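> no sequence for this one, just the structure:
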């Protein structure tokens, strides 16, 4: 099952009270995800997740999850069914990047836009969730327009 909660403030005015409110929301979701929970907060965003562990029972699946640079944080309710293939592709790309100097790694990263990642997720849901697919297509178009 799992569960997510959160808020976003464009003006960057997240307060301690906002964080506490999202933590209370997350507490209410406990029965949807009794195997773990987490909260991420910065000046604009508060994300919370309750986890029902099915495939990965370790703490490695804890959410919200951030990249190493702490520039992207995600939480979601669902399952990525082709995670093994995506992981293999990511490991291959990481092995290539490790062999490069910093400037080359940055240039390579620029040729792998986020829009392509979102599009690959949209393809997974194309037939079973047409509304979600349509929404993800809008995200892909917006990311492409921004050059991301």
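On my side now, so go ahead. Everything numeric here is computed off the predicted structure, so don't read it as measured data.
> Mind telling me what element the closest residue in space to residue 23 that isn't next to it in sequence is part of?
Leaving aside its sequence neighbours, residue 23 sits nearest to residue 39 (Cβ to Cβ, 6 or more residues apart in numbering; 5.7 Å). Where you see a C-beta, it was placed from the backbone N, CA and C, and this is true even at glycine. Secondary structure from DSSP states H and E places residue 39 in strand 36-41.
> For that strand, enumerate its sheet partners and note whether each is parallel or antiparallel.
Sheet pairing of strand 36-41 (DSSP bridges) gives strand 45-51 (antiparallel).
> List the contacts of the strand it pairs with.
2-9, 14, 18-19, 22-23, 25-26, 29-30, 32-41, 61-64, 73-75, 77 (Cβ atoms under 8 Å, 6 or more residues apart in numbering).
> Go through the residues you listed and flag which are in helices.
Under the assignment DSSP state H, the contacts of strand 45-51 contribute 18-19, 22-23, 25-26 to helices.
> Any regions of the chain where pLDDT drops low?
95-148 (pLDDT under 70).
> Give me the domain ranges for the chain.
As given by automatic domain parsing, the domain ranges for the chain are 3-74, 83-146.
> before we move on, back to that, residues touching the strand holding residue 39, excluding its own?
For strand 36-41, using Cβ under 8 Å, 6+ apart, the contacting residues are 14, 18-19, 22-23, 26, 29-30, 46-51, 53, 59, 61-64, 66, 73, 75.
> With that, I have no additional questions.
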